[in-house]
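1. any chance you could fold what I've pasted below:
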Amino acid sequence: MAVLEVLCSLLGWFALYQLFCSSCAQRSSEWNCRLVTLSHGVVIVLLTGYVVFVDGPWPFTHAGTENTDLQIFSLEVCLGYFFFDLGWCVFNRSEGPIMMAHHAASIVGLLLALVMGVSGCETCAVVFGSELTNPLLQIRWFLRQLGLYDSLLGDVVDLLFIVLFAIVRVGVGTAMFYCELTSPRTTIIMKLGGVVMYTIAWVFMVDIARFGYKKSRAKYKRWKETQELKEMTKQDVMGE
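-> Prediction:
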């Protein structure tokens, strides 16, 4: 039954991709795939957010417990998407080794939680934290394609992405990682999976920190040059 539901999820995301391809025929395949990614990010954040904060149980105190029906449904929806996205990335050769490793680790983690029937609550929490910043990442890409990235909106999107990633993926993620490692109910294999995902999160964090530093430095340099130009113009006007 779970295999059938994951297959339905995969077909559903693929059907959505085909719908975007037909309705946005003038756009590239990556554009349409990222629309699917954006849609998945919004849907899965809302779904896992409800699982974590409303339906329960609380992942920081119940790591390793038996999966609930809603947790299973959420993981199946997410797993179907990751199968779709991994297949698209392999077919189009669009991602590097780090992102492919993230996709593979996500698929293995979701499969383990579904097959073993436990650790659904912390897996949903990890999915929530991982996908929370994803819509911002897709919006950033769309802004670049539309020529709107070098604007205040682009700066706001980048800032929100960096702050959310640091707070949720690294800050809260560290607390979740500790709870999973120290939980007597969590299996060894799920703890090893947590180590892999936590390591990948830090690899991404280092890359994001470098990007933030380079962008801030470039913006400061442009601001300084603008101020110097204004000062020179002012002096020329006064000299006349």
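2. hey, where'd the strands end up in the protein?
-> For the chain, strands defined by DSSP state E do not occur.
3. any idea which helix is longest in it?
-> helix 188-239 (DSSP state H).
4. averaged pLDDT, that one. What do you get?
-> Throughout helix 188-239, pLDDT has a mean value of 80.
5. helices and strands around it, which ones?
-> Using 3 or more CB pairs under 8 Å, 6 or more residues apart in numbering; DSSP states H and E, the elements in contact with helix 188-239 are helix 97-116, helix 120-132, helix 152-164, helix 173-182. In short, each C-beta sits where N, CA and C put it, glycine included.
6. now that helix and helix 152-164, what's the angle there?
-> Going by axes from the mean of the first three to the mean of the last three CA atoms, to 10 degrees, helix 188-239 is angled at 140 degrees with respect to helix 152-164.
7. what's the burial count for residue 145?
-> 14 (other CB atoms under 10 Å).
8. tell me the pLDDT at the closest residue to residue 52 other than its chain neighbours?
-> Closest residue to residue 52 apart from its sequence neighbours, by CB to CB, 6 or more residues apart in numbering: residue 125 at 5.1 Å. At residue 125, the model reports a pLDDT of 93.
9. so residue 125 touches residue 59, yeah?
-> Yes: counting by CB atoms under 8 Å, residue 125 touches residue 59, with 4.0 Å between them.
10. now for the two: what residues contact both?
-> Counting by CB atoms under 8 Å, 6 or more residues apart in numbering, the contacts common to residue 125 and residue 59 are 52, 176.
11. before we move on, the earlier item: can you tell me how far the residue nearest to residue 52 is from residue 181?
-> As judged by CB to CB, to the nearest Å, residue 125 and residue 181 stand 14 Å apart.
12. who has more neighbours out of those two?
-> residue 125 (24 against 14).
13. so who does that one touch?
-> 48, 52, 59, 176.
14. ok, residue 77 next?
-> 9, 43, 44, 47.
15. and residue 63, by the same measure?
-> 119, 121, 122, 179, 180, 183, 185, 186.
16. let's go with 6 Å and repeat that
-> For residue 63, the contacting residues are 122, 179, 180, 183, 186, by CB atoms under 6 Å, 6 or more residues apart in numbering.
17. so how many other residues sit close to the closest residue to it other than its chain neighbours?
-> Spatially, and ignoring its direct neighbours in sequence, residue 63 is nearest to residue 183 (4.0 Å; CB to CB, 6+ apart). Other residues lying near residue 183 total 20 when counted by other CB under 10 Å.
18. residue 59 versus residue 183, what's the distance?
-> 10 Å.
19. next, give phi and psi for the residue nearest to residue 63.
-> Phi and psi for residue 183, reported as degrees, to the nearest 10, are phi -70, psi 130.
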